[in-house]
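>>> mind looking at a prediction? Sequence and model below.
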Amino acid sequence: IKVQDGCRYRCTYCIVTVARGEERSRPVTEVVDEINRLAGEGIREVVLAGVHLGGYGSDLGTDITHLVSGVLEGTRVPRVRLGSLEPWDIPPHFWDLFENPRLMPHLHLPVQSGADSVLRRMSRRCRTGEFRTLAETARRRVPDLNITTDVIVGFPGETEDEFRQTLDFVDEIGFGHVHIFGFSPRDGTKAALLPGAVPDMIRRERSQRLHEQAAKVRTRVLAQQPGKSATVLVETAETVNGRTRATGYTPNFLRTVIDAPAGALSENDLVEVELSTPRDDSVAASPRAGGPATVPHNSDSWSDLNE
């Protein structure tokens, strides 16, 4: 659900904010009405998104907390997720929103680099120390929170030492997933004019190293899941050889592969599962014995799995 467009900040590498113009927010009532319409059509999860989601309400005299609170109060959609939020945009009382179990415990907080010197060249408003403090606060306030991020590799002037700082920071924070982008200059941005272009070969090599580091960190995150219970929204379900193999995501956005009896699960079901064996990019699961019944895709009695 697009709730906002435009951005008032000018990170040196970004052309999107120039193209999108000034920030414009949709009224809460309009967003609530759209979600209620979609929920009436069977949608069970919505993602609130925007070019600068954390800037929601800058033109309306309000903020993202007001929007999320309004959505939680004005709708009955079972699951509400947030799109990417800049780490400097988290307002006071934001963490209180997660007391409502319908707000999923996952935040995508772009860090872009683990080196403060690179962040300065990017004109980012959050340094690594501030990000570290934010992550600590978030995990203290929100149980089982999964933090994912974006990182740009090969930004102009990036040295080997700066890149190593990024590798170390990714390991330290323990991101559940890292979206990795090789720097690509965009006409009209300040970064396109910066000296110290990183050769393609080095940029690709660093990208590979960061992918490997991110995979190790993700493995650590997945290794913490066996024995936990979670509610999964089924996205795919296929019956083969007398068993149903279903996939979906936990509330904290971990991909789950569910093994169940034939015909037990369908797309758009909400099911309580017990997590077991971690895999490369997912965790195995099975319907929890004695747990709440699966809520079929054609039912609105979802609240039992959110309480």
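Structure received.

>>> please enumerate the strands of the protein.
2-5, 24-25, 45-50, 79-82, 106-108, 146-153, 177-182, 229-240, 243-249, 255-261, 270-278, 283-287 (DSSP state E).

>>> list the buried residues in the longest one.
It stands for strand 229-240. Neighbour counts over strand 229-240 (16 or more other C-beta atoms under 10 Å) mark 230, 231, 232, 233, 234, 237 as buried. Every residue, glycine included, has its C-beta placed from N, CA and C.

>>> which stretches of the protein have low pLDDT?
Applying pLDDT under 70 to the chain flags the ranges 290-307.

>>> now the strands of the chain as CSV including distance to residue 194?
Below are those laid out as CSV (distance: least, C-beta to C-beta, whole Å):
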stretch, distance to residue 194
strand 2-5, 28
strand 24-25, 30
strand 45-50, 28
strand 79-82, 32
strand 106-108, 26
strand 146-153, 13
strand 177-182, 15
strand 229-240, 41
strand 243-249, 38
strand 255-261, 37
strand 270-278, 41
strand 283-287, 41
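
>>> quote the end-to-end distance of stretch 189-207.
In stretch 189-207, first residue to last residue: 22 Å (C-alpha to C-alpha, to the nearest Å).

>>> can you give the contact residues for it?
If you take C-beta atoms under 8 Å, 6 or more residues apart in numbering as the criterion, stretch 189-207 is touched by 10, 12-15, 18, 121-123, 153-158, 163, 180, 182-183, 185-186.

>>> check stretch 119-139 too.
Defining contact as C-beta under 8 Å, 6+ apart, one finds that stretch 119-139 is touched by 9-13, 86-88, 90, 95, 107, 109, 111-116, 145, 147, 152, 155-157, 165, 169, 172-173, 190-191, 194.

>>> buried stuff in that stretch?
Using 16+ other C-beta under 10 Å as the test for burial, stretch 119-139 gives 119, 121, 122, 124, 126, 127, 128, 131, 134, 135, 138, 139.

>>> what's the answer for stretch 269-278, then?
Across stretch 269-278, burial judged by 16+ other C-beta under 10 Å covers 269, 270, 271, 272, 273, 274, 275, 276, 278.

>>> before we move on, the earlier item: quick check: which of the strands of the chain is nearest to residue 215?
Relative to residue 215, the nearest member of the strands of the chain by C-beta to C-beta is strand 177-182, separated by 9.0 Å.

>>> what residues are bridge-paired with residue 248?
Following DSSP bridges, residue 248 is listed with bridge partners residue 234, residue 256.

>>> quick one on the thing from earlier: can you say which of the contacts of stretch 119-139 are buried?
For those, a neighbour count by 16+ other C-beta under 10 Å gives the buried set as 9, 11-13, 86-87, 90, 107, 109, 111-116, 145, 147, 152, 155-156, 165, 169, 173, 190-191, 194.

>>> give me the subset of these lying in helices.
Among the buried ones among the contacts of stretch 119-139, the residues falling in helices (DSSP state H) are 116, 165, 169, 173.

>>> go through these and name the one nearest residue 32.
The nearest member of these to residue 32, counting by C-beta to C-beta, is residue 173 at 33.9 Å.

>>> ok, now how distant is the closest one from residue 51?
Per C-beta to C-beta, to the nearest Å, residue 173 is found 25 Å from residue 51.

>>> and if you look at residue 108?
Using C-beta to C-beta, one gets 14 Å for the distance from residue 108 to residue 51.

>>> number of residues surrounding the nearest residue to residue 43 once chain neighbours are set aside?
Spatial nearest neighbour of residue 43, excluding adjacent residues (C-beta to C-beta, 6 or more residues apart in numbering): residue 77 at 6.6 Å. For residue 77, the neighbour count with other C-beta atoms under 10 Å is 20.

>>> check the chain for its longest helix and report it.
The chain, longest helix under DSSP H: helix 200-223.

>>> so which bits of it are buried?
For helix 200-223, burial by neighbour count (16+ other C-beta under 10 Å) applies to 203, 206, 207, 210, 213, 214, 217, 218, 221, 222.

>>> now, which of those residues sits nearest residue 28?
For these, the closest approach to residue 28 (C-beta to C-beta) belongs to residue 221, at 33.6 Å.
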